[in-house]
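Engineer: Would you be able to build a 3D model of this:
(2 chains)
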Number of protein chains: 2
Amino acid sequence: MQIYKGNFLFTPQRESFRVIEQGYVCVQNGVIVHVGTSLPRPLPPEAEVIDFGDCLVIPAMNDMHVHASQYRNQGISMDLELLTWLNTYTFPEEAKFADTNYARRIYRRFIHDLWRMGTMRAAVFATIHHESTRLLMKLFQEAGMGAVVGKVCMDRNCPEELCETVREAIRANEALIAEFNDPQGLVRPIITPRFIPSCSPEMLKACGQLASKHGIAVQSHLSENRKEIETVKSLEPSSTCYGDAYLRYNLFGQTPTLMAHCVYSSDEEIELMRRQGVMAVHCPTSNLNLSSGMAAMHTLIERGVRVALGSDISGGHDLNMFRVIVYAIQVSKAIKAVQGIEPQLSLPEAFWCATKSAGSFFGQVGSFEPGYEFDALVIDDHELNFDRYTLEQRLERFIYLGDDRNIIHRFCRGKEISEPQV
Amino acid sequence: MQIYKGNFLFTPQRESFRVIEQGYVCVQNGVIVHVGTSLPRPLPPEAEVIDFGDCLVIPAMNDMHVHASQYRNQGISMDLELLTWLNTYTFPEEAKFADTNYARRIYRRFIHDLWRMGTMRAAVFATIHHESTRLLMKLFQEAGMGAVVGKVCMDRNCPEELCETVREAIRANEALIAEFNDPQGLVRPIITPRFIPSCSPEMLKACGQLASKHGIAVQSHLSENRKEIETVKSLEPSSTCYGDAYLRYNLFGQTPTLMAHCVYSSDEEIELMRRQGVMAVHCPTSNLNLSSGMAAMHTLIERGVRVALGSDISGGHDLNMFRVIVYAIQVSKAIKAVQGIEPQLSLPEAFWCATKSAGSFFGQVGSFEPGYEFDALVIDDHELNFDRYTLEQRLERFIYLGDDRNIIHRFCRGKEISEPQV
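Structural biologist: Residues are numbered from 1 along each chain as shown, chains lettered A, B, ... in the order given. Reported below is the predicted structural model:
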């Protein structure tokens, strides 16, 4: 058993932080067995106490929508909107991943930087390429970090070199599932039709069948951009909304499902997400950078939809999920200021989105409660504190002002994760 | 003469970067005398060539609206809107600056961190206190960095300990002007009525008279928040708009004037700013954090208003002006997505706002053109570049992803500025 001592802050409920000053979290086989201000009695003889002093200890970040294959394009080329941006900048970049040497270089850097930012689990888009997707999964395994990784499926409205046949998509997915689908595994496959404009009905059907056959999760994009939604309407005229189109192909909650963006989800689509248990992944930086709009995340929460946050590299520019938390709060305030409707997302709510709410996609992850896997960051924030602040203010300042320099230890499923090789 | 060699990027016009790969900038007595891809001929015998290798060299940042006295509150307490936020969090903090020891500690840290972020000039609000304002100006002088620093004037709608008489305000301002008003000085006073709700007509009149009498610049807040604007309407019922109220007191362009926020400026107010040469300071982070709204900065530029950017600590959370540049672009895109009206601010435009446009408030500052003072940052971005990027893409990535770790030299008026004492 490992016993960690420190200042623990986490969100068992979304409304507020639980703050345990100089408390203890005990971990056995990666799972939390005791949380409190005192040590468990009797103390097991082999217990090892690790004291983090005055540091803050918080749940690690979960990035629930990120394109590893776009990492090279992070922070550039954000002058266009979604559909032209995809064709102009993104598809040409993704085509390079036919080369596993190129993929290895970019994916190593990507995983390294996820680690650096304190993200211990992620829901990742690779590309259509089987070999480089497999490599990405292997690299996550080597790093000891958690991920669902999707081989992207697409067969229309894309350049020839990113177009595959339905048969190729099925074969590659079956191979990845056979190799990685250990239910206890930290790294697992996820069925990933890019989005409806890129997938023929046959491809969508095959993806839904794969997911249902193997009981595997699904991720895709939903209602991100007005032109995209019009395109989907013309491609799937009989669907009542974008989400309904996925539903018809068994890609909307029939197995655990992540849908990124949800900027323009109608009441009907929101209700469908709630009913199907679909997790909406809010990507505020990307929605701003690509002029997509602003998603009313608080409204989704109030209507009972499961929520999470995503960096959405490279539509998003920042891999640091603490910054994404800040943007999520700011976007909710902007909607409030402009439209007067959205109650603002509080700091604990946004933190909960990125920890306990997102973590539920991986099981019991994202909180410091008995039964939860110990995914944690140790934050040394002494350089930020030139005056006296409460523990909660210290966390707030770390989230708003801090960066990777303040993160001095990272744990995933109870194991300390060392710096991955670049 | 100093001759700097490197990759120079700057914005002589707002539409695009001028990029000089492996070029030369020659500086004499702090002022640029030559810019180009070759050395000036004949080379003066005493010329010293400093080679920055493959680094980027860019104009230093100008932060045109920042409350030094709120630095302790950076990154906390952003759950309220402007007027209640002022009363609940901000005024109690500012009251502490009656104690010059407290002021010294906070102001030292503030100047240190401005330096760290690459901001070489700033337009700063202190507090009502003469002694601690004077101290702040002295600390800027010691650091060698440029600033206009305002002793805040206020005499109504504020706690007793922040209330002064008009006479006290005049006396303190006269003393600061006498001490610091060297026209060549890097650190100069600026007349700073907090905003109309905090200043009686007598105070506003005295501020306008002080500014005109000494030919000194003015800074204040304008049309930041809807409730604030209503308050101003009721306090100055005969004015046609908020800006017109300042104008009547000789505080709106009669001398060089900075007005922060301008979120809700009407067409009339915009025209008044243009006509009077008032510089609008866009504070996108603060406007989001305090739920103020989103300012249509591109519209102001198109209508011929002078513009700049401000971190507005502690309504804003980030002292790093490169992040403020990113937010300015994102806010313009959000307005475009929501209202369809604002053309998006491009990266060169936003960069120009923070450099050449803002710098014009200090004279010829913010560009690498002959006659401009050499305010510069040397950026070592090699850690950001794990693939080949153009120089412009490298700058874009530094702005979006980089931080103070990448800034390896800082110059203000030709002099390299070393790390200020904390």
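
Engineer: ok, which stretches of the stretch 51-200 of chain A are strands?
Structural biologist: A:61-67, A:119-125, A:146-150, A:152-153, A:187-189, A:192-193 (DSSP state E, counting those that start in this stretch).

Engineer: Kindly report the residues of the stretch 51-200 of chain A close to chain B.
Structural biologist: For the stretch 51-200 of chain A, the residues in contact with chain B (Cβ under 8 Å from any Cβ of the partner chain) are A:72, A:74-76, A:79, A:105-106, A:109. Quick note: C-beta positions are derived from backbone N, CA and C, even for glycine.

Engineer: Output these as JSON lines; include the columns neighbour count.
Structural biologist: Output for these, formatted as JSON lines (neighbours: other Cβ atoms under 10 Å in any protein chain shown):
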{"residue": "A:72", "neighbour count": "19"}
{"residue": "A:74", "neighbour count": "22"}
{"residue": "A:75", "neighbour count": "24"}
{"residue": "A:76", "neighbour count": "21"}
{"residue": "A:79", "neighbour count": "17"}
{"residue": "A:105", "neighbour count": "15"}
{"residue": "A:106", "neighbour count": "22"}
{"residue": "A:109", "neighbour count": "17"}
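
Engineer: And the residues you listed, which is closest to chain B?
Structural biologist: Chain B has its nearest neighbour among these in residue A:75, at 3.5 Å by Cβ to the nearest Cβ.

Engineer: Count the residues that sit near the closest residue to that closest one other than its chain neighbours.
Structural biologist: Among residues not flanking residue A:75 along the chain, residue B:400 sits closest, at 3.5 Å (Cβ to Cβ, 6 or more residues apart in numbering or on different chains). By other Cβ atoms under 10 Å in any protein chain shown, 22 other residues sit near residue B:400.

Engineer: list the contacts for residue B:400?
Structural biologist: For residue B:400, the contact set (Cβ atoms under 8 Å, 6 or more residues apart in numbering or on different chains) comprises A:74-76, A:317-318, B:326.

Engineer: Please report the distance of it from residue A:289.
Structural biologist: 9 Å (Cβ to Cβ, to the nearest Å).

Engineer: circling back: possible to save the strands of the stretch 51-200 of chain A as a markdown table with mean pLDDT and mean neighbour count?
Structural biologist: Formatted as a markdown table, the strands of the stretch 51-200 of chain A follow (pLDDT from 0 to 100; neighbours: other Cβ atoms under 10 Å in any protein chain shown):
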| stretch | mean pLDDT | mean neighbour count |
| --- | --- | --- |
| strand A:61-67 | 98 | 30 |
| strand A:119-125 | 98 | 28 |
| strand A:146-150 | 98 | 27 |
| strand A:152-153 | 98 | 26 |
| strand A:187-189 | 98 | 24 |
| strand A:192-193 | 98 | 28 |
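
Engineer: now for these, which one comes closest to residue B:36?
Structural biologist: strand A:61-67 (41.2 Å; Cβ to Cβ).

Engineer: JSON lines please, covering the residues of the stretch 51-200 of chain A next to chain B and showing pLDDT.
Structural biologist: Listed next are those as JSON lines, based on pLDDT from 0 to 100:
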{"residue": "A:72", "pLDDT": "98"}
{"residue": "A:74", "pLDDT": "97"}
{"residue": "A:75", "pLDDT": "97"}
{"residue": "A:76", "pLDDT": "95"}
{"residue": "A:79", "pLDDT": "89"}
{"residue": "A:105", "pLDDT": "97"}
{"residue": "A:106", "pLDDT": "98"}
{"residue": "A:109", "pLDDT": "98"}
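
Engineer: So residue A:23 lies in a helix, does it not?
Structural biologist: No - if the criterion is DSSP: H, G, I helix; E, B strand; the rest coil, then residue A:23 is strand and not within a helix.

Engineer: my guess is it meets residue A:10, correct?
Structural biologist: No - taking contacts as Cβ atoms under 8 Å, residue A:23 lies outside contact range of residue A:10: 10.9 Å.

Engineer: Neighbour count: the two, which is higher?
Structural biologist: residue A:10 (25 against 19).

Engineer: Identify the residue nearest that one in space, chain neighbours excluded?
Structural biologist: Nearest non-adjacent residue to residue A:10, counting by Cβ to Cβ, 6+ apart: residue A:368, 4.6 Å away.

Engineer: what's the nearest residue to the residue nearest the centre of chain A if we skip its chain neighbours?
Structural biologist: Nearest residue to the geometric centre of chain A (Cα atoms, centre = their mean): residue A:64, 1.2 Å. Counting by Cβ to Cβ, 6+ apart, residue A:308 is the residue found nearest to residue A:64 once chain neighbours are left out, at 3.8 Å.

Engineer: Parallel or antiparallel, list what pairs with the one helix or strand the one you found maps to.
Structural biologist: Residue A:308 is located in strand A:306-309, with elements delineated by DSSP states H and E. Sheet pairing of strand A:306-309 (DSSP bridges) gives strand A:279-282 (parallel).

Engineer: helices and strands around the next helix or strand along the chain from the partner strand, which ones?
Structural biologist: Using DSSP H and E, the helix or strand that follows strand A:279-282 in sequence is helix A:284-289. Using 3 or more Cβ pairs under 8 Å, 6 or more residues apart in numbering or on different chains; DSSP states H and E, the elements in contact with helix A:284-289 are helix A:321-339, helix B:321-339.

Engineer: next SSE after the last one?
Structural biologist: Along the chain past helix B:321-339, the next helix or strand (assigned with DSSP H and E) turns out to be helix B:347-352.

Engineer: got the contact list for that following helix?
Structural biologist: Residues contacting helix B:347-352 (Cβ under 8 Å, 6+ apart): A:79, B:11, B:13-17, B:298, B:301, B:309, B:325-326, B:328-329, B:396, B:399.

Engineer: Any of those buried? List them.
Structural biologist: By neighbour count, with 16 or more other Cβ atoms under 10 Å in any protein chain shown, those hold A:79, B:11, B:14, B:17, B:298, B:301, B:309, B:325-326, B:328-329, B:396, B:399 as buried.

Engineer: Closest one to residue B:213 out of these, please.
Structural biologist: Within the buried ones among the contacts of helix B:347-352, proximity to residue B:213 (Cβ to Cβ) peaks at residue B:309, which comes in at 30.3 Å.

Engineer: Give the bridge partners for the closest one, please.
Structural biologist: Per DSSP bridges, the residues bridged to residue B:309 are residue B:282.

Engineer: Buried ones in the helix or strand of chain A with the lowest mean pLDDT, by neighbour count?
Structural biologist: Across the helices and strands of chain A, mean pLDDT, DSSP states H and E gives its lowest value to helix A:82-85, namely a mean of 93. With burial defined by 16+ other Cβ under 10 Å, the residues of helix A:82-85 counted as buried are A:82-83, A:85.

Engineer: Return the distance of it from the chain's centre.
Structural biologist: 22 Å (Cα atoms, centre = their mean, to the nearest Å).

Engineer: burial count for residue A:156?
Structural biologist: Neighbour tally, residue A:156, other Cβ under 10 Å: 15.

Engineer: How about residue A:43?
Structural biologist: 12.

Engineer: That one in helix, strand or coil?
Structural biologist: Quick answer, by three-state DSSP: residue A:43 is coil.

Engineer: Looks like residue A:46 contacts residue A:2 (just checking).
Structural biologist: No - look at residue A:46 against residue A:2 with Cβ under 8 Å: they stay out of range, at 10.0 Å.
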